[in-house]
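>>> Please find the sequence and the predicted model below.
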Amino acid sequence: MRSHLLAATLTVPMAAASLALVALPAVAAPVPTWSVDKAASRLGFTGAMSGQAFNGGFGRWDAQIAFDPANLAASHVTAVIDTASAKTGDQSRDEAMPTADWFSVKAFPRATFVSHKIVAAGPGRYVAQGDLTIRNVTRPVSLPFTLAINGPTAKMTGSLPIDRSVFGVGQGQFKGGDTVALKVQVNISIAAKRAN
């Protein structure tokens, strides 16, 4: 009788422990991280001055990317841009951009984008929702992009229209859009390699 009671006493907690283990959710695999191939990537912009379009880009920037199309909830990106590296190929314009009227690089040396959510928008298409900060002004933005993953490599392209005046880019006589258009199109092309 005692042996039966002992066996029952041991069996009940062991069974409960087994059920608890079965009930535990599977541990999700870590989201792959990606390193940017700087030589094959570009962060550019298009603006207009006196009705004439011009193109420019940032020479120094980086992005921390964790992305898995099967796990968008855990995917995220953070980009940091050195505002002093903006160039358009026009000397007078390039000399003006670092000044207090424009990027004010001494006070605000970096612009950032931090995603809070990435959602699917169709085959190979996504939208990164997050915060863009320029001149210490932060605004929510939605960045639509396409992505093609081929084994350990990926290619992303996206474009985002912004109103420069919202971020205080363009002060004094440049605050309005009479000479320099308020709308700026940010163009992104990233080649990346899987890091893990």
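The structure has been received and is ready for your questions.
>>> What ranges in the chain fall below the confidence cut-off?
Along the chain, segments meeting pLDDT under 70 span 1-29.
>>> and the gap between the residue nearest to the spatial centre of the chain and Ser50?
With distances taken as C-alpha atoms, centre = their mean, Val77 lies nearest the centre of the chain, 3.9 Å away. For Val77, the distance to Ser50 (C-beta to C-beta, to the nearest Å) stands at 35 Å. Placement of C-beta: from N, CA and C, glycine included.
>>> What are the boundaries of the helices in this structure?
2-23, 91-96 (DSSP state H).
>>> Excluding chain neighbours, what is closest to Pro152?
Arg194 (4.3 Å; C-beta to C-beta, 6 or more residues apart in numbering).
>>> swap that for Phe103, please
For Phe103, the spatially nearest residue (C-beta to C-beta, 6+ apart) is Thr83, at 4.1 Å.
>>> same thing with Asp62?
That would be Val80: by C-beta to C-beta, 6+ apart, it lies 5.6 Å from Asp62.
>>> again, but for Lys87
Lys87 sits nearest to Asp94 (C-beta to C-beta, 6+ apart), 5.4 Å away.
>>> Could you report the neighbour count for the one you found?
13 (other C-beta atoms under 10 Å).
>>> Next, the contact list for it, please.
Ala86, Lys87, Thr88 (C-beta atoms under 8 Å, 6 or more residues apart in numbering).
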